[in-house]
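In: Quick one, fold the following:
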Amino acid sequence: MNKKITLFILGLLCLNFFARAQSVKPDTSSHLRDTTELEEVQINAGYYTVKDRERTGSIARVTARTIEKQPVLNVLEALKGQMAGVDIQQRSGDPGGGFIIRIRGNNSLRSDANEPLYLINGVPFPATTINRGTSTQTGSNPLSTLDPAEIVSVEVLKDADATAIYGSRGSNGVVLITTKQGMVGKPQLQLNLSQGAGTISRFMDLLNTQQYVQLREEGFANSGVTKTSGNAYDLIVWDTTRYTDWQKLLLGGTAHTTRAEGNYSGGTENLRFLLGAGYQRQGSVYPADYAYQRGSTRLNLMQGKASDRFTMNLDLSMQSDVNTLPPISLTDQALTLPPDTPEPYLENGDLNWEGNTFSNPMAVFKETYRNASLGLNANLMVNYKIGLDWQFRVSSGYNIIRSNERTQFPTDAFNPASASINRVERSWNSYSAWIVEPQLAFDKKWGNGQIQALLGTSLQQSLTETTSLTASGFINDLLMDNIKMASTVSPTDYVQADYRYLAAFARVNYTYQARYIFNLTARRDGSSRFGPGHRWGNFGAVGATWLFGEEAWVKEHMPWLAFGKLRGSYGLTGSDQIANYGFLTTYKGSSGTASYLGAYLLPTRLANSDFRWESNKKLEGAVEMGALHDRLHVTAAWYRNRCGNQLVGYPLAAINGFTSVQYNLPAVLENSGWELELRANLIQHTNFQWAVRANYSMPSSKLLKYPGLAASSYNYTYRVGEPTNILKLFHYTGIDPNTGLYSMADLDGNGGYDSEDFYWIPRAPTRFGGLENSVQFKAFELSVFCQYDQRTRSNQVLFDYPGTQKNQPIAVLKRWQKPGDDTIIQQAMAASSDGANAYTYFTLSDAAYMTQRFMRISNVALAWNMPATWAHRLGCVSVRCGLEGQNLAVIGHFTVLDPETDYNQLPPLRTLTGSLQLTF
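Out: Numbers count the residues shown, from 1 in each chain. From the prediction side, this is the model:
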């Protein structure tokens, strides 16, 4: 007996599948075939759902099966390399650190206007941190507060057909996150427990004390400078026989991770529920008890079955996190501190300042940082059927985040020789948003065709508020929690931004003979970020799909083809990713330096109520094919996005008091490229299965036009007709045999180096992708995922010019020392402007960049499913044991700690985790 089951999840995800009643035998296999391959499974497209085989848009999907195998704090780390066209780079290995995500490139010339839209169960979620300060130098990411174990799927909408229904918010792509829901059945309790440890995967080879001292001595000799206790205290005052490996001391610890997560779910067709809670703690590699802690609770209620006239879905979740990591990165100090730097502590435990000769790196551990946040995410979906063909539903949501950030600088964190006094920096940040979206849906079959229509409106508002201050001069460090005890309290910032958004949208989809599909979407948006005369924008798209594999002539002449599909789309989206109140003149408060001036206002921005929406015209074509009974599936897609009407700073004469004003220019930025995807079930036997999944992206971009580019601030960044990642640099010609310093090509022949000697060079094309092999043998599962990346990055040969009071990589041993030396490292010089200038020219030359290719073994997961009879003896329904490794190795040539992060940032940690899943 077959039954059709429909699950409505928050009005955003609708799963239709057929369930067949059959006897169930004890079986520990979980089958590697992804559910997205099943014809009847539908995926989340935002306001509607669509079968994967019938979709007209470009939608990438990652399920909980992929996410759960990766012991990560932020779901974005689990998505790296998993989806074609979705470029994710991790900026720091610190827990809660930042990420850069770009969906098919940068659409705006402004670096802060390329973030995608995030929706969690249909509720907008901030793309950037709300904190004034940050837990790391690279910023934090709000998604760190979301437990990846709660996620059932992540869909990324990329092309116009998929994103146009989101209008101005979908220009940079849309990330849809759907959390787990209650299911029909006997109540079950599932517990997930894991314990892991993370370390730096590799250290750089740096100079030892003997090599460092020799380099410094040589630098003074070459510079002709006499050593004194002031300019050479590392050679005269310090003990030159001491050696400290600062990398291992500051970064050589072990970051322990603990995770406990559980959910209790079940119910009938009329009422399903899920109760969940989770806790995670991740330490740091620093020599202090720092940690990032996160807790969460969830409730999901689903009332009514699919055939009922009235259904309801309620989802509530609360997240809390506490971050105590220092607000700066210690990586730079770990790499550059001289190896003979004095011991950091005196015998009595106080900080050692060695006669005011160095900045003690351990001072940061005297400081206290704490950032605590609390968030609530709520969504209610109500659906009412009007007859057989019509449905009316209302989706509403509310999201609130509050954070309290505090950094304390006690007296003993400062050098006693300095004039610094103890102080506290405080920041209170809040973000709240609500959304209401009434929708009317129509679905009817007529003969050989089926029409689906959707009409809806969206009303949104968000409020962001930040208050910060500095309090100093406490009579005792123990009183620093009480601001009233400070001698001076100075407000440093207050920001309040109210954003309002109103939209109407529509969609019509027509399917003829189950193989010709047409999709039309339209949206009209209104945003409070534009002036009164330009607040409304119109957007839309058209998409089409031809399932040519269903044609009779294809089945006759190509019997090997199990699936064939051509799809294409074209449309217009927009962007309102600009500052609030940007069309108004804004001011900031300030205090006079003299008492008689008092408080006053300073203008910070000129008004321009005439600027308008950026527009993004998206074009895509793709082919999807499956063979060998769809065991081999290949997708190839080509896209082109042209973003115009760019909102940039228009240059002004200095007499205006401002260097620029926000303005629309007819500049056009083009992103295009190819995306390839492969899915293959190579072996499918009862006891052994082997599956392969791969993706590869080849993006490119160029500036098509930019009137007035020469007079703008982008003159040294872009060039019309050239790729946007082009570089304007000096041409490095080698080491000058006479001076032993870096030399550049003097293109204008004036005898010096200046901006006229720059020339344009293209960077290597960016390429990225991923490859996963999954093997299952009886009760054992093994998966290996590798991430590939190619792009031009900084060639960090040195940290400064040779001879300064900084440690250096051992590559400096090959420096120029005498005429005839063939090397790329200039001679050592101490306190030399010539050496410093030559090094600066080198960092601005083509020699300072390199094409970097690497393959990261991102994840290895081994799992064993205990036989059901064994599990039952333990009182469990099922037991699953696992061992996971994250960031195990990086294969490639690079000189820094990790090729993905900047040299002075903590790299992603190599993590080993043991896990246990119990179901009762």
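In: which intervals of the stretch 51-200 of the chain have sub-threshold pLDDT?
Out: 131-140 (pLDDT under 70).
In: those helices in it, which residues are they?
Out: Applying DSSP state H, counting those that start in this stretch to the stretch 51-200 of the chain gives helices spanning 64-68, 75-79, 160-163.
In: wait, which of these is closest to residue 809?
Out: Residue 809 sits nearest to helix 75-79 of all the helices of the stretch 51-200 of the chain, at 27.8 Å, using C-beta to C-beta. Bear in mind the C-beta positions are built from the backbone N, C-alpha and C, glycine included.
In: which one is the spatially most central residue of the chain nearest to, not counting chain neighbours?
Out: When C-alpha atoms, centre = their mean is applied to the chain, the residue found nearest the centroid is residue 99 (2.9 Å). Excluding its sequence neighbours, the residue lying closest to residue 99 (C-beta to C-beta, 6 or more residues apart in numbering) is residue 76, at 4.6 Å.
In: Was I right to think the one you found contacts residue 87?
Out: No: between residue 76 and residue 87 there is no contact under C-beta atoms under 8 Å: 11.3 Å.
In: Give the intersection of the neighbour lists for the two.
Out: residue 101 (C-beta atoms under 8 Å, 6 or more residues apart in numbering).
In: what's near enough to touch the nearest residue to residue 423 once chain neighbours are set aside?
Out: The spatially closest residue to residue 423, leaving aside those adjacent along the chain, is residue 472, at 3.7 Å (C-beta to C-beta, 6+ apart). Contacts for residue 472 (C-beta under 8 Å, 6+ apart) come out as 421, 422, 423, 424, 486, 487, 488, 490.
In: Tell me, how many residues neighbour the fifth one?
Out: Each residue near residue 486 was counted by other C-beta atoms under 10 Å, and the total is 21.
In: Contact partners for it?
Out: Residue 486 makes contact with 423, 424, 471, 472, 473, 474 under the criterion C-beta under 8 Å, 6+ apart.
In: For it, which non-adjacent residue is spatially closest?
Out: Using C-beta to C-beta, 6+ apart, the nearest residue to residue 486 is residue 471, at 3.7 Å.
In: what's the answer for the fourth one, then?
Out: What sits nearest to residue 424 in space, not counting adjacent residues and going by C-beta to C-beta, 6+ apart, is residue 471, at 4.8 Å.
In: Quick one: the helices in the chain, in order.
Out: 64-68, 75-79, 160-163, 209-223, 233-236, 246-251, 331-336, 552-557, 833-843, 868-873 (DSSP state H).
In: Can you get me a residue count around the residue nearest to residue 344 when sequence neighbours are not counted?
Out: Excluding its sequence neighbours, the residue lying closest to residue 344 (C-beta to C-beta, 6+ apart) is residue 362, at 4.2 Å. Residue 362 has 18 neighbours, counted by other C-beta under 10 Å.
In: Could you list everything the residue nearest to residue 423 pairs with in the sheet?
Out: Judged by DSSP bridges, the bridge partners of residue 472 are residue 423, residue 488.
In: now what about stretch 883-895, what contacts it?
Out: So stretch 883-895 is contacted by 69-72, 194, 196, 198, 201-202, 204, 795-797, 809, 811, 852-863, 898-899, 908-915 (C-beta under 8 Å, 6+ apart).
In: List the buried residues of that stretch.
Out: Across stretch 883-895, burial judged by 16 or more other C-beta atoms under 10 Å covers 883, 884, 885, 886, 887, 888, 890, 894, 895.
In: And for stretch 114-123?
Out: Judged by neighbour count (16+ other C-beta under 10 Å), stretch 114-123 contains these buried residues: 114, 115, 116, 117, 118, 119, 120, 121, 122, 123.
In: Nearest to residue 718 among these?
Out: Residue 718 has its nearest neighbour among these in residue 114, at 15.0 Å by C-beta to C-beta.
In: distance of that closest one from residue 578?
Out: Going from residue 114 to residue 578 by C-beta to C-beta, to the nearest Å gives 12 Å.
In: re the thing from before, farthest pair within the contacts of residue 472?
Out: 422 and 490 (14.4 Å).
In: Can you add distance to residue 541 and pLDDT and give the contacts of residue 486 back as CSV?
Out: Below are the contacts of residue 486 laid out as CSV (distance: C-beta to C-beta, whole Å; pLDDT from 0 to 100):
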residue, distance to residue 541, pLDDT
423, 54, 95
424, 52, 95
471, 53, 95
472, 56, 94
473, 60, 94
474, 59, 95
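In: How about the contacts made by residue 207?
Out: 215, 339, 807, 808, 809, 810, 812, 813.
In: mind running it again at 7 Å?
Out: Neighbouring residues of residue 207 by C-beta atoms under 7 Å, 6 or more residues apart in numbering: 215, 339, 807, 808, 810, 812.
In: Count the neighbours of the residue lying closest to residue 802 once chain neighbours are set aside for me.
Out: The shortest distance from residue 802 to any non-neighbouring residue, by C-beta to C-beta, 6+ apart, is to residue 828 (4.3 Å). Residue 828 has 27 neighbours, counted by other C-beta under 10 Å.
In: Then residue 388?
Out: Residue 388 has 8 nearby residues by other C-beta under 10 Å.
In: Residue 307 versus that one, what's the distance?
Out: For residue 388, the distance to residue 307 - C-beta to C-beta - is 11 Å.
In: And residue 623, by the same measure?
Out: Here residue 623 is placed at a distance of 38 Å from residue 307 (C-beta to C-beta).
In: Compare the two (neighbour count), which wins?
Out: residue 623 (15 against 10).
In: Distance check, that one against residue 546.
Out: On the measure of C-beta to C-beta, residue 623 and residue 546 end up 10 Å apart.
In: shared neighbours of the two, which are they?
Out: Common neighbours of residue 623 and residue 546 (C-beta under 7 Å, 6+ apart) are residue 566.
In: In the stretch 551-700 of the chain, what residue spans correspond to strands?
Out: 561-575, 586-591, 599-605, 614-627, 632-644, 646-651, 660-665, 668-684, 688-705 (DSSP state E, counting those that start in this stretch).
In: of the ones you listed, which approaches residue 185 most closely?
Out: Proximity to residue 185, assessed across the strands of the stretch 551-700 of the chain by C-beta to C-beta, is greatest for strand 688-705 (26.4 Å).
In: Go through the closest one and flag the buried ones.
Out: Buried-residue list, strand 688-705, by 16+ other C-beta under 10 Å: 689-703.
In: and which of those is nearest residue 171?
Out: residue 701 (14.9 Å).
In: higher neighbour count, residue 422 and residue 490?
Out: It is residue 422, of residue 422 and residue 490, that has more neighbours when counted by other C-beta under 10 Å, with 21 against 12.
In: Please list all residues in contact with the more buried one.
Out: 409, 410, 411, 472, 474, 477, 480.
In: want to throw these into JSON lines with distance to residue 838?
Out: Formatted as JSON lines, the contacts of residue 422 follow (distance: C-beta to C-beta, whole Å):
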{"residue": "409", "distance to residue 838": "38"}
{"residue": "410", "distance to residue 838": "42"}
{"residue": "411", "distance to residue 838": "42"}
{"residue": "472", "distance to residue 838": "42"}
{"residue": "474", "distance to residue 838": "47"}
{"residue": "477", "distance to residue 838": "46"}
{"residue": "480", "distance to residue 838": "46"}
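In: and residue 451, how many residues sit next to it?
Out: Residue 451, neighbours per other C-beta under 10 Å, totals 16.
In: Pull the contacting residues for it.
Out: With C-beta under 7 Å, 6+ apart, residue 451 has these contacts: 444, 510.
In: Just list whatever residues bridge to it.
Out: Beta bridges link residue 451 to residue 444, residue 510, judged by DSSP bridges.
In: Need phi/psi at residue 806.
Out: Taking degrees, to the nearest 10, you get phi -140, psi 140 for the backbone angles of residue 806.
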